[in-house]
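Enquirer: Please find the sequence and the predicted model below.
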Amino acid sequence: MNAHVGAFFAHGVEQRSGVARDLRLLALLHDREPTVELLEALRARRIEDLFALPLADERGLEALDFFRAALSEKITRTDRSGIDELAADFAAIYLNHTHRVAPSESPWIDPEGLTAQQPMFEVRDWYRHWGLEAPNWRERPDDHLVVQLGFIAHLLDLVDKPAALLDAACFLDRHLLRWYGSFADGVARRSWTAYWAAVANLTAVHLDALREWLGRSPGCERVDMESVEAEKSRRREAAIAETCASAGAFVPGAGPTL
């Protein structure tokens, strides 16, 4: 194994597997409304012990404290009324769009805010590259939060494939991190329960910490996607102008006007 390939194993196998479990736990929290059993299981653990990836900076500690408070019986009740309230808020976020915070990428990236647009097909190509596919894209599109979290967890588990770590970093930059912050902010502002606001916030903090962690490996440095997209837009406009000019088409500002 050469030195460059070996550098991708800077994160130990055990640690990678632990962070993959983190992501699967977060995916589970976003996947469904909490049951009494899930809430009790979360309360039975020290919040700091739930995650393998350390969240030890100020923002991380605040997110853990918020989640701990939101799980308390005083704030999140486990009687029938409390569970029903959590289920209603879950539906408003993830199912019927009452809160108008889409849990998938396309509405945040597409110029018209539509679902199942180009971002979804780009994400699907990533899955296919690694021999995966979303279970049912009509029920839950490929660019849904839960599916994207599961994909990154899968890549982290591929400890014998150095390129998987690089792809995890690239996928975060090109997809999940481009929109998840807006989703989390929307949930924090509009959710009816502290539980879902805390879950959204904790996921945002964890994803940022994950990206920083991945960035310690050579080749996984963070990409400024705003600059990338701006450059792509500039090139498209230049290509259109060149095509129009060569075809003798009218381009505003390119010739005499009345």
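Expert: Yes, it's here. It should be emphasised that the depicted structure is a prediction, and the values quoted were computed from it without experimental measurement. Numbers count the residues shown, from 1 in each chain.

Enquirer: surely Leu55 meets Asp65?
Expert: No: Leu55 is not in contact with Asp65 according to C-beta atoms under 8 Å; the separation is 10.5 Å. Yep, even glycine has a C-beta here, placed from its N, CA and C like the rest.

Enquirer: residues near Arg100, how many?
Expert: 11 (other C-beta atoms under 10 Å).

Enquirer: any weak-confidence spans in the stretch 101-250 of the chain?
Expert: The model of the stretch 101-250 of the chain has pLDDT under 70 over residues 225-250.

Enquirer: Helices along that one, start to end?
Expert: Assigned by DSSP state H, counting those that start in this stretch, the helices in the stretch 101-250 of the chain fall at 106-109, 118-129, 145-157, 162-171, 177-190, 194-214, 225-246.

Enquirer: Quickly list the domain ranges of the chain.
Expert: 3-221, 223-253 (automatic domain parsing).

Enquirer: Which residues are in contact with the closest residue to Leu214 other than its chain neighbours?
Expert: Leaving aside its chain neighbours, Leu214 sits nearest to Ala169 (4.3 Å; criterion: C-beta to C-beta, 6 or more residues apart in numbering). Residues near Ala169 by C-beta atoms under 8 Å, 6 or more residues apart in numbering: Arg211, Leu214, Gly215, Ser217, Cys220, Arg222.

Enquirer: Whichever of those residues end up buried, select them in PyMOL.
Expert: Selection of buried members from the contacts of Ala169 for PyMOL, criterion 16 or more other C-beta atoms under 10 Å:
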select buried, resi 211+214+217+220
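
Enquirer: Just send the contacts of Ala169 back as TSV, with distance to Asn136 too.
Expert: Output for the contacts of Ala169, formatted as TSV (distance: C-beta to C-beta, whole Å):
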residue	distance to Asn136
Arg211	29
Leu214	29
Gly215	34
Ser217	34
Cys220	32
Arg222	33
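
Enquirer: And stretch 183-197, what's buried?
Expert: For stretch 183-197, the neighbour count (16+ other C-beta under 10 Å) marks Phe183, Ala184, Gly186, Val187, Ala188, Arg190, Ser191, Thr193, Ala194, Tyr195, Trp196, Ala197 as buried.

Enquirer: Can you give me the distance of the residue lying closest to Phe183 once chain neighbours are set aside to Phe121?
Expert: Counting by C-beta to C-beta, 6+ apart, the nearest residue to Phe183 once its immediate chain neighbours are dropped is Val101, at 5.6 Å. According to C-beta to C-beta, to the nearest Å, Val101 stands 22 Å off from Phe121.

Enquirer: Which one of the two is surrounded by more residues?
Expert: Taking neighbours as other C-beta under 10 Å, Val101 and Phe121 compare with Val101 leading, 22 against 12.

Enquirer: Could you pull up the residues touching that one?
Expert: Ile93, Phe183, Gly186, Val187, Arg190.

Enquirer: okay, among those, which ones form the most distant pair?
Expert: In terms of C-beta to C-beta, the contacts of Val101 reach their longest pairwise distance at Phe183 and Arg190, which sit 10.8 Å apart.

Enquirer: His175 contacts Pro119, doesn't it?
Expert: Yes: contact criterion C-beta under 8 Å: His175 and Pro119 qualify, at 6.9 Å.

Enquirer: Name the residues contacting each of those two.
Expert: Common contact partners of His175 and Pro119 (C-beta under 8 Å, 6+ apart): Glu105, Asp143.

Enquirer: Next up, the contacts around the residue minimising distance to the centre of the chain.
Expert: What sits nearest the mean C-alpha location of the chain, by C-alpha atoms, centre = their mean, is Leu176, with 3.5 Å. Neighbouring residues of Leu176 by C-beta under 8 Å, 6+ apart: Glu105, Leu145, Gln148, Leu149, Ile152, Leu207.
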